[in-house]
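Q: give me a 3D structure for the following:
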Amino acid sequence: MLNSERALPLIAALAVWLPLSYFYHPSTGLILGGALIGIGLSALIFWSGDRLSLTKTWLVKIFAVSVVAGLMNSTALDVLYSLFSAPAGNRFGVVIEMIITGVVLTALAAFQGFLGPKKQK
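A: Alright, predicted model coming up:
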């Protein structure tokens, strides 16, 4: 069930992904699609972060998962661009896009520790 402790990090993720999508994508459909993909991947990272134990390597593990999610983001955006027939331009290279997405998702996962439910050590 989605309670306020679980909803607050997703609202924060929406506040991050919607402006990023707005300034990055050329059309409204791509903006909304990019934001929805970002929210979905953020939920995946939050879920993964909840299942990892809080050790010294937690951030490294979350970063590894986030970079893979960044690749998923790039692939999903390729599909969206194909569906909307947008030009191939106006995007970073896949590696840069994947790393930027991984860093954003890692930051959101670390931020979730402050907003989300408290974990037991």
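Q: show the pLDDT at residue 114.
A: On pLDDT, residue 114 comes in at 64.
Q: then residue 55?
A: 82.
Q: check which helix or strand it maps to.
A: Using DSSP states H and E, residue 55 maps to neither a helix nor a strand.
Q: distance of it from residue 62?
A: Using CB to CB, to the nearest Å, residue 55 is found at 11 Å from residue 62. C-beta coordinates here come from the backbone N, C-alpha and C atoms, glycine included.
Q: these two: which is more packed in?
A: residue 62 (24 against 10; other CB atoms under 10 Å).
Q: now do the SS call for the more buried one.
A: For residue 62, the assignment made with DSSP: H, G, I helix; E, B strand; the rest coil gives helix.
Q: look up phi and psi at the nearest residue to it once chain neighbours are set aside.
A: Excluding the flanking residues, the one nearest residue 62 by CB to CB, 6 or more residues apart in numbering is residue 109, at 4.8 Å. When read as degrees, to the nearest 10, the backbone of residue 109 gives phi -70, psi -40.
Q: and stretch 26-37, what's buried?
A: Using 16 or more other CB atoms under 10 Å as the test for burial, stretch 26-37 gives 30-31, 33-37.
Q: so which of those sit within helices?
A: Mapping those onto helices (DSSP state H) picks out 30-31, 33-37.
Q: and which of the residues you listed is nearest residue 67?
A: Nearest to residue 67 out of these is residue 37 (CB to CB; 15.6 Å).
Q: which residues sit in contact with that closest one?
A: Counting by CB atoms under 8 Å, 6 or more residues apart in numbering, residue 37 makes contact with 73, 76-77, 80.
Q: same thing with residue 109?
A: Counting by CB under 8 Å, 6+ apart, residue 109 touches 45-46, 48-49, 62, 66.
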